[in-house]
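Asker: Sequence first, then the predicted structure, then my questions.
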Number of protein chains: 2
Amino acid sequence: MDSKQNILIKFGDRVREIRKEKGLSQEELAHKADLHRTYIGMIERAEKNITLINIEKIANALEVNIKELLE
Amino acid sequence: MDSKQNILIKFGDRVREIRKEKGLSQEELAHKADLHRTYIGMIERAEKNITLINIEKIANALEVNIKELLE
DNA sequence: GCTTAAACAACAGACTATAATTAGCATTAT
DNA sequence: ATAATGCTAATTATAGTCTGTTGTTTAAGC
């Protein structure tokens, strides 16, 4: 993951936006999603090409539909 | 990817459904998406936990919005 | 205002697990 | 018979985990 892809930037921004709306820290979100603290940061910064299963985990932890993370 | 996850099954089914609607073979879709023929098969059979960038490639090749692959 | 502390996030590096690519052959349609 | 798909196996690339450190933001105290 060198040059950041547009879709990853959009996704990461959306995660951060909703996470803050819900008043969660990266660490709290990570715990709810059963993912690592630093990994959430990497996703928000578009440094990793997230897989579908983890997309779903984050959507569940944020209590939103997956589709809301992709618009 | 041993035990197939529900979301991957749903995604794979949806890809296959739309691919057939468009009258494409796996090989033709693979070519349009710049992915390998057998990989498309694996996705349709829910054998791989696809990443967001490849989700987008397939959506573009099928000429649908990503969200349509997730409903 | 200006500290200080604490919580939060960015970043680096090393490691492990697995996604992604590919070839070859078997099977199932049409 | 041909085209399309399934399946196996092996390799390469990278997603995902984790520890530790550095930087930034926030809010309290004086």
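Answerer: Ah, there it is.
Asker: and the longest helix anywhere in chain A with DNA strand D, contact?
Answerer: In chain A, taking DSSP state H as the definition, the longest helix is helix A:6-21. No: legend: contact between helix A:6-21 and DNA strand D by C-beta under 7 Å from any atom of the strand is lacking; minimum distance shown is 9.0 Å. For every residue, glycine as well, the C-beta is placed using N, CA and C.
Asker: Test my guess that A:Q5 contacts A:E47.
Answerer: No: at 10.6 Å, A:Q5 does not count as touching A:E47 under the criterion of C-beta atoms under 8 Å.
Asker: All the strands of chain A, residue numbers only.
Answerer: Per DSSP state E, chain A carries no strands over any range.
Asker: Name the residues of it found near DNA strand D, please.
Answerer: Contact residues, chain A versus DNA strand D (C-beta under 7 Å from any atom of the strand): A:1, A:35-39, A:42, A:48-51, A:53-54.
Asker: which residue ends up closest to the midpoint of chain A in space?
Answerer: A:V15 (4.3 Å; C-alpha atoms, centre = their mean).
Asker: Please name the residues that touch that residue.
Answerer: A:I40, A:I43, A:E44, A:I58, A:L62, A:L69 (C-beta atoms under 8 Å, 6 or more residues apart in numbering or on different chains).
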